[in-house]
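1. Curious how this folds, go ahead:
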Amino acid sequence: MTNGQILNAPPVRKVVLDNGLTLLVREDHSAPVVSAQTWVRAGSITEGPWMGAGVSHVLEHMLFKGTTQRGVAQIAQEIENKGGYINAFTSFEQTVFYINIPSENWLTAVDILADCMQHATIPEAQLLKEKQVILREMAMNNDDPNRRADRMLWATAYTTHPYRFPVIGYPDIYNRLTREDVVAYYRRHYVPNNIVFVVVGDVNAAEIEQKLRELTKDFKQGAIEPAFVPPEPPQLSLRERHEEMAMRLSQVDLAWH
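-> Next up, the predicted model:
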């Protein structure tokens, strides 16, 4: 992207609804596509008593598994039928859900995301399946030299700050999570004043705002407890950690605060 394109980018329309939901819309009519996203301020450092369980990541897997209005497989099928792509990711401080779709079907993307933020059912049977999927993901991460080195780097660089915990969690803590724990976390953090709704593409910003107001008119604000983040003490000298595993290459990770 050239400097000219950056300077000439269309403005972002920002609206904060009465319930605290933040909407960001950028119209870009250069191609007939839309990306709709929800950024939830809930990641691995906001898990409180479940720190190290990876409950934010569990919700990443579960929110598209059905709502009070849509069945277990209906969301994925609906998006696929409209030519779209759906996915999500979790990091230290947020969980992000996104749908990329032809612009003529923008309403489907916005409707589904708004539905999942408010009405996810987190079915017990689906949760049990996804918990096994996540356990396999943990095992794969442990067998991957890059991911293993990255995890060790964060655990070495931080001694107190919750960045030292892996986003996906530790199996021993994760295995103790119940559906009730996941649902409670969802209800506590998935409230409008903790969500940023983003839409970029070949859309009309005023139409997006009007529709989102309609879809979230009953979405009530919640009390958000600030994440307790203990200060990381100054690092006074070099820290090193070494680990051996069966691989042909050595990997070195370096980091500076």
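2. okay, which residue is most central for the chain?
-> residue 95 (1.7 Å; CA atoms, centre = their mean).
3. Got the phi and psi for that one?
-> phi -120, psi 130 (degrees, to the nearest 10).
4. could you list every residue that touches it?
-> 39, 40, 42, 43, 56, 57, 59, 60, 88, 89 (CB atoms under 8 Å, 6 or more residues apart in numbering). All C-beta atoms are positioned from the backbone trio N, CA, C, and that covers glycine.
5. Can you select the buried ones from these in ChimeraX?
-> Burial among these is assessed by 16 or more other CB atoms under 10 Å; the matching ChimeraX selection reads:
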select :39,40,42,43,56,57,59,60,88
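6. residue boundaries of the strands in the stretch 151-257 of the chain?
-> 195-201 (DSSP state E, counting those that start in this stretch).
7. can you map out the helices along it?
-> 171-174, 179-189, 205-215 (DSSP state H, counting those that start in this stretch).
8. and of the ones you listed, who's closest to residue 29?
-> Closest to residue 29 of the helices of the stretch 151-257 of the chain is helix 205-215 (CB to CB; 11.5 Å).
9. same for the closest one, what does it pack against?
-> Applying 3 or more CB pairs under 8 Å, 6 or more residues apart in numbering; DSSP states H and E, one finds that helix 205-215 contacts strand 12-16, strand 22-27, helix 106-119.
10. how about CSV for those, with distance to residue 215 added?
-> Output for these, formatted as CSV (distance: least, CB to CB, whole Å):
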stretch, distance to residue 215
strand 12-16, 14
strand 22-27, 11
helix 106-119, 4
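11. Nearest to residue 240, out of those?
-> strand 22-27 (42.4 Å).
12. Output that closest one as PDB, nothing but the C-alphas.
-> What follows is strand 22-27, C-alpha atoms only, in PDB (Å, rounded to 0.1, in the frame of the first residue of the first chain):
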ATOM      1  CA  THR A  22     -18.800   0.800  19.800                       C
ATOM      2  CA  LEU A  23     -19.300   0.700  16.000                       C
ATOM      3  CA  LEU A  24     -16.600   1.500  13.500                       C
ATOM      4  CA  VAL A  25     -17.400   1.600   9.800                       C
ATOM      5  CA  ARG A  26     -15.200   2.400   6.900                       C
ATOM      6  CA  GLU A  27     -16.800   2.500   3.400                       C
END
